[in-house]
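Asks: Give me a 3D structure for the following:
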Amino acid sequence: YAFPAHVSMAEAMDMLVRHKVVVHRITIAEGLTSDMAVAIVNADPVLEGASVVVPEGSLLPETYLFERGTTRAEMLDRMHKAQVALLAELWPKRKQGLPFTTQDEALKLASIVEKETGLASERPRIAAVFVNRLKDGIRLESDPTIIYGLTKGQPLGHPLRQSELATPNPYSTYQIDGLPPTAICNPGRDAIAAVLNPPDSEELFFVANGTGGHAFAKTNAEHARNVAALRRLEREQAGAAPARLR
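Replies: Just a heads-up that it's a prediction; the model follows:
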């Protein structure tokens, strides 16, 4: 409780009765791995007790309010229950004919969508591309899955190298068919909603457009033109790191 200076006994009693306590907050951003989320929870100076082991992709990114006395285990359990509640809301409303049948598979795909773009407006379109690729039996070829298999989601610190692409990697969707063994991060509400209700689309490809977003394509020929445009832009921008292709 934070009692104001010179508070009366009656006012103090009213605060106690109404449980008007000091509220603290903790934020888990979209796209963090579970290890990263646990590290944030462990570093919070107000939370108490030890944390617990958290499966990858099982927390809902959000800002959570809590009061002093809350334990780290309780906070992580709240984050998991928030995700369970969100899936209970969205799963029954999912689009028919999706190429996955379980909530766990939906979370795996949502985690890839989350890591592929920082633009909220692109998430549904990228989700549609991956759904189409899964339906057609085309490998997802998502760079973030390679990075997760190499570093558990920690930044590489450099563009992907051919040697890293070639390294045997159970998470690399360049090497495996379908979805990876687990989620690769904790996806947010928008990414989960995008994979459960992707827009109708025939697009199968996307590549960075050099301005923070992506160029999408239905055919190999159209995709090749988008790649050529990106390469021209890269040549014009001295020192720009080349983008990986999907």
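
Asks: Measure how buried Ser104 is and give me the count.
Replies: If you look again at residue 104, you'll see it is Asp, not Ser. Using other C-beta atoms under 10 Å, Asp104 has 15 other residues around it. C-beta: built from backbone N, CA, C; applies to glycine.

Asks: Give me the number of neighbouring residues for Pro45.
Replies: 6.

Asks: Could you report the separation of it from Arg78?
Replies: 18 Å (C-beta to C-beta, to the nearest Å).

Asks: Output the longest helix belonging to the protein.
Replies: Of all the segments assigned as helix in the chain under DSSP state H, the longest by residue count is helix 72-90.

Asks: Mind giving me the packing neighbours of the host helix or strand of Val195?
Replies: Using DSSP states H and E, the element containing Val195 is helix 189-196. On a contact count with 3 or more C-beta pairs under 8 Å, 6 or more residues apart in numbering; DSSP states H and E, helix 189-196 meets helix 72-90, helix 103-116, helix 123-135.

Asks: got the buried residues for the longest one?
Replies: What it means is helix 72-90. Buried residues in helix 72-90, counting neighbours by 16 or more other C-beta atoms under 10 Å, are found at Arg72, Met75, Leu76, Arg78, Met79, His80, Ala82, Gln83, Leu86, Leu87, Leu90.

Asks: now, among those residues, which is nearest to Val131?
Replies: Compare each of those with Val131 using C-beta to C-beta and the shortest gap goes to Leu90, at 15.3 Å.

Asks: Pull the number of nearby residues for the closest residue to that closest one other than its chain neighbours.
Replies: Closest residue to Leu90 apart from its sequence neighbours, by C-beta to C-beta, 6 or more residues apart in numbering: Leu196 at 5.3 Å. Residues within reach of Leu196, counting by other C-beta under 10 Å, total 21.

Asks: Next: Gly149.
Replies: Gly149 has 22 nearby residues by other C-beta under 10 Å.

Asks: what's stretch 170-183 in contact with?
Replies: Defining contact as C-beta atoms under 8 Å, 6 or more residues apart in numbering, one finds that stretch 170-183 is touched by 55-58, 100, 105, 107-112, 134, 137, 139-142, 145-146, 148-149, 165, 168-169, 184.

Asks: C-alpha coordinates for it, PDB please?
Replies: Presented in PDB, the C-alpha positions along stretch 170-183 are these (Å, rounded to 0.1, in the frame of the first residue of the first chain):
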ATOM      1  CA  PRO A 170      16.100 -30.300 -37.000                       C
ATOM      2  CA  TYR A 171      14.400 -26.800 -36.900                       C
ATOM      3  CA  SER A 172      15.500 -25.700 -40.400                       C
ATOM      4  CA  THR A 173      12.500 -25.500 -42.600                       C
ATOM      5  CA  TYR A 174      14.900 -25.500 -45.500                       C
ATOM      6  CA  GLN A 175      15.800 -29.100 -44.500                       C
ATOM      7  CA  ILE A 176      12.600 -30.500 -43.000                       C
ATOM      8  CA  ASP A 177       9.000 -30.800 -44.400                       C
ATOM      9  CA  GLY A 178       6.200 -29.100 -42.600                       C
ATOM     10  CA  LEU A 179       6.500 -27.500 -39.200                       C
ATOM     11  CA  PRO A 180       9.500 -27.500 -36.800                       C
ATOM     12  CA  PRO A 181       9.500 -29.700 -33.600                       C
ATOM     13  CA  THR A 182       8.400 -26.800 -31.400                       C
ATOM     14  CA  ALA A 183       7.500 -23.200 -31.600                       C
END
